[in-house]
Structures are given as structure tokens and as C-alpha cells.
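**Q** Here is my input; please provide its structure:
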Amino acid sequence: MEKAIIRTIMPGVDLIYVHTDKFKTGHLSVNFMLQLSKADAAKNALVMHVLRRGCKRLPDLKSISEELDRLYGATVDPLVRTIGEVQCIGLSANFADDRYLPGHEDILEKTVNLTAEILLDPATKGGLLRSDYVRSERDNLCDAIRSDMSDKRTYSFLRLKELMFAGEAYGTDRNGTLKSAEKIAQIALTKHYKNILSTAPVKMFYCGGADEERITQALLNAFSTLPRGEIDFSAGTDVRVECGEPRFFSEAMDVTQGKLTMGFRLGEVMYAPDYAAIAVFNAVFGGGVTSKLFMNVRERMSLCYYASSSTDRFKGVMFVMSGVEFDKYETARDEILAQLAACADGDISDGELSSAISFLVNSVRAMEDSVASLDAYYVSRSLDGLTYAPSEYAMLIGEITREDVVKVAKSVKLDSVYFLRGTDKEGE
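**A** Okay, here's the model as predicted:
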């Protein structure tokens, strides 16, 4: 697979182009890059779902579905994700590569045009987004937020983020808060939508067999009416390497299993981050089935029902999530920290290191089998100006040494611990 080509095709609009003949489909995403904030997160998450309900030419879901059927089963779906403290919203389209269709129909251009119609020419009434669509999708968004709150594993993670990053944008969930979602009204959402179109930077990602000139021209034609005002390029992520003494939070709820969630800052390694080393460290510590957390805390000591770690390289943080018995909270917490200390002391066997590297290399190379994974990979890395392919990243991972992993481990600092316990206050 070729390295990504990134170039500006319109004011504030970059095209990330990846050519491959691996798939018999093409993939396009149009991403508006916004600063994550508690005030706007819910509106950002809602607006693309409202737009997807209908455009002027195809004013409802039924007519859009019929059009997609005519395009050989193409799909166009809302997209909401976060990259560090950047909220990325838009539409994602998948469509047949017309080289494999009878008559070589211009499915690419037709799908790009439909995507642009949905984004730029929405179904309106009186110049406003349709109130019935706003109400319906607002209810769906509220249900999604409530669902996350009902899943105690997800809830504990979101709650830790909210507490640990109080005062930082990172503490806001990509769907916003239930309180803010419930208040979204038709007029305010319409105004917000128009502001996004005119001020937000846009990342367009294409992966498929079409040549660069063809997809570029299709996008220029379809998005010629995209209003461009003063583009706000300020969206970014505030990386903090220092933290004070660890903070401990505990809440009681009617649960049968405790949820122990721990947040760490990656520390001074973020001044000149080696992302491959960070990934390998996480895999050694808690990112896979051969990791120290899985093999020791979960399997050997049976302290947790599950225990794993993950990192966000954009924010420079790491999280550990685990499910524990209420009375094993302190023992599990201390053993998780002991396994981190073992990494920092260089207590990493050849088997642990090689298994972690193999796991990561296979995972990264598997990205090239999924257009959705390639989309997330390249769009996120474009924020750093990185264009190397997953295969090149896999090579960098393969070169990581024990010393590289130890350097990362020594830099990691515990920031916050959150424990969701039962209402009987066991393990408090």
C-alpha cells in the first residue's frame, strides 16, 4: 500500500489520498475538525445525524436509501470521533469501485455528489434544519448517552476522565453531556451547523483504486459551494507532562462488581515522543494477553475479572481499566502499580518483549485490511503531518528495544484513581 499523499485542495480543506488496488471498493470520509468542548460537543455529535436524515433532493431516509441502492449498495453514514482534544465529525462513504461494474459507471462521482448534498444542502423548513429531525435525533443521542451511563465499565472510564481532566477539554465525552444534549434546539443547531461549514478545517480521506486527479476533481466539483470564511485552525490538544500527588476518587452505586480505573500521564517522554516505543510499552504492561497485567494481576493472582491498559498518544496519557471484588480494591491497585514499577526497573523478559512486538506488528499490519482502520489511522496522523503507511509503522515497532520501553515506563506518573464500589461501601 502506498504512502499517503496530503495536499490542500481548497481553503482549509486537505485531501489525504491513499492509493490501493487491494479492495474492490472506494472509501471517502469528510471530516470537520473542531475543538472538543463541553459547550459544543453534543451539538457537534448531533448535527451529522440530523443531516443524514435528508437533503433537499432526497428529503427523507427512504429516498436516500433508494438512491444508495441505485449506487450498487453504497453507504453514507455519520461520523463522530475524538482525536486527543479534537472532535472530528462528518460523513463516511463506501462504494463499489466502478472498474468492476458493467459499463464502468461513475459511481465514485455520484457517491461524492450525494455526500456533498447531504452535508451542504440539507432538508430545511423556513431556512432551519427540520425540527422533527432535530427532535428525533436528539432523543437518539440522549439514549446513547444514557446507554453509556448504564454500562458501568464505560461509565467508570468516562467518570475518571471527567474527574482527572476537570478544566481540560479531554474530560468531555465525544457525545457531550446528557444535560447539554437535552437542551439542543432547532435554531441553535442550525446556526451552529452554518458556523461549522464556514470556519472548521476539513480533512477529506480517500482510499481506493481511483487516481488522485480523478478523486480531487470529483471533490472540487461536488464541494464547490462549501462556504469558506475565516478558518479556525486553533483546534488542538493540550499535552501536560506534569501532575501533582495522585488523586483518589470513590463513588457508591448499586453494582455487583467494583470498577477500578486509573489514569496516568506519560510524562517527559511527550517532549519528544517515540510513538512506537509508547505502543510497545503499553503492550508489555497491559495492552494484550501476554502483558504483565493480564498474566499476573488477572491470571496468576486472580485479583481482577479483567485488567488492561490503553494509551492516547495525542494527549500523552494512559488508562488502566479493571473489574475487581470490592474488598480487593487496594490489593489490585497496588499490584497494578507494582507491575508498572517492574517495567521501569527493566524486569521485562525476552518473551514478554517479543510477544508484545509481534502482537503490535500483526495488529498494525491488519489495518491495511480495513478501510475504516486506515481512515482512522491516516486522519489522526495527519494532525502531526505524518504520512507513513502502517507497514512502515510496523517496521518502527519491530526496532524497539527493552531500553526504549524502560525509558517510557520510568516517565509514566500516576495522576488519578477512580473506584466504583457497591452501596454497602465494601472496599472503601
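**Q** What segments of the stretch 301-428 of the chain are strands?
**A** Under the criterion DSSP state E, counting those that start in this stretch, the stretch 301-428 of the chain contains strands at 304-312, 317-324, 413-421.
**Q** and the gap between the nearest residue to Asp211 once chain neighbours are set aside and Ala338?
**A** Nearest residue to Asp211, sequence neighbours excluded (CB to CB, 6 or more residues apart in numbering): His19, at 7.4 Å. Using the backbone N, CA and C atoms, a C-beta is placed for each residue, glycine as well. From His19 across to Ala338, the span is 48 Å (CB to CB, to the nearest Å).
**Q** same deal with Val284?
**A** Taken as CB to CB, the span from Val284 to Ala338 is 15 Å.
**Q** Compare neighbour counts for those two and give me the winner.
**A** Between Val284 and Ala338, counting by other CB atoms under 10 Å, Val284 is the more crowded of the two (32 against 12).
**Q** Surely that one forms part of a strand?
**A** No - counting by DSSP: H, G, I helix; E, B strand; the rest coil, one finds Val284 to be helix, located in no strand.
**Q** Distance-wise, check it relative to Phe294.
**A** 11 Å.
**Q** and if you look at Arg146?
**A** The gap separating Arg146 from Phe294 is 31 Å, by CB to CB.
**Q** The two: which has the busier surroundings?
**A** Phe294 (20 against 12).
**Q** what's near enough to touch that one?
**A** 286, 288, 307-308 (CB atoms under 8 Å, 6 or more residues apart in numbering).
**Q** can you check Asp97 too?
**A** Contacts of Asp97 (CB under 8 Å, 6+ apart): 23-26, 107-108, 208-210.
**Q** Please indicate which of the residues you listed are buried?
**A** Among the contacts of Asp97, those buried by neighbour count (16 or more other CB atoms under 10 Å) are 23, 25-26, 107-108, 208-210.
**Q** In helices only, show me those residues.
**A** Using DSSP state H, the members of the buried ones among the contacts of Asp97 that fall within helices are 107-108.
**Q** quick one: contacts of the longest helix anywhere in the chain?
**A** For the chain, the longest helix by residue count, based on DSSP H, is helix 131-150. Helix 131-150 is contacted from outside by 42, 45-46, 49-50, 53-54, 123, 125, 154-155, 158, 173, 175-178, 181-182, 184-186, 189, using CB under 8 Å, 6+ apart.
**Q** Neighbours of Ile187, how many?
**A** Other residues near Ile187 number 12, with proximity taken as other CB under 10 Å.
**Q** Leu128 is in contact with that one, correct?
**A** Yes - shown here, Ile187 and Leu128 form a contact pair, counting by CB atoms under 8 Å, at 6.2 Å.
**Q** and Glu352, how many neighbours?
**A** Glu352 has 21 nearby residues by other CB under 10 Å.
**Q** what would the buried ones among the contacts of Asp97 look like in JSON lines with pLDDT?
**A** Output for the buried ones among the contacts of Asp97, formatted as JSON lines (pLDDT from 0 to 100):
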{"residue": "Phe23", "pLDDT": "93"}
{"residue": "Thr25", "pLDDT": "95"}
{"residue": "Gly26", "pLDDT": "96"}
{"residue": "Ile107", "pLDDT": "96"}
{"residue": "Leu108", "pLDDT": "97"}
{"residue": "Gly208", "pLDDT": "96"}
{"residue": "Gly209", "pLDDT": "95"}
{"residue": "Ala210", "pLDDT": "95"}
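**Q** Of the buried ones among the contacts of Asp97, which belong to strands?
**A** Members of the buried ones among the contacts of Asp97 lying in strands (criterion: DSSP state E): 25-26, 208.
**Q** want to throw these into TSV with distance to Gly398?
**A** Below are these laid out as TSV (distance: CB to CB, whole Å):
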residue	distance to Gly398
Thr25	30
Gly26	31
Gly208	28
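**Q** between the residues you listed, which is nearest Ala218?
**A** Checking these against Ala218 by CB to CB gives Gly26 as the nearest, at 10.3 Å.
**Q** I'd assumed Arg214 was in contact with the closest one.
**A** No - using CB under 8 Å, Gly26 is not in contact with Arg214, being 10.3 Å away.
**Q** Contact partners for the residue lying closest to Phe223 once chain neighbours are set aside?
**A** The spatially closest residue to Phe223, leaving aside those adjacent along the chain, is Ala116, at 5.2 Å (CB to CB, 6+ apart). Counting by CB under 8 Å, 6+ apart, Ala116 touches 222-223, 226.
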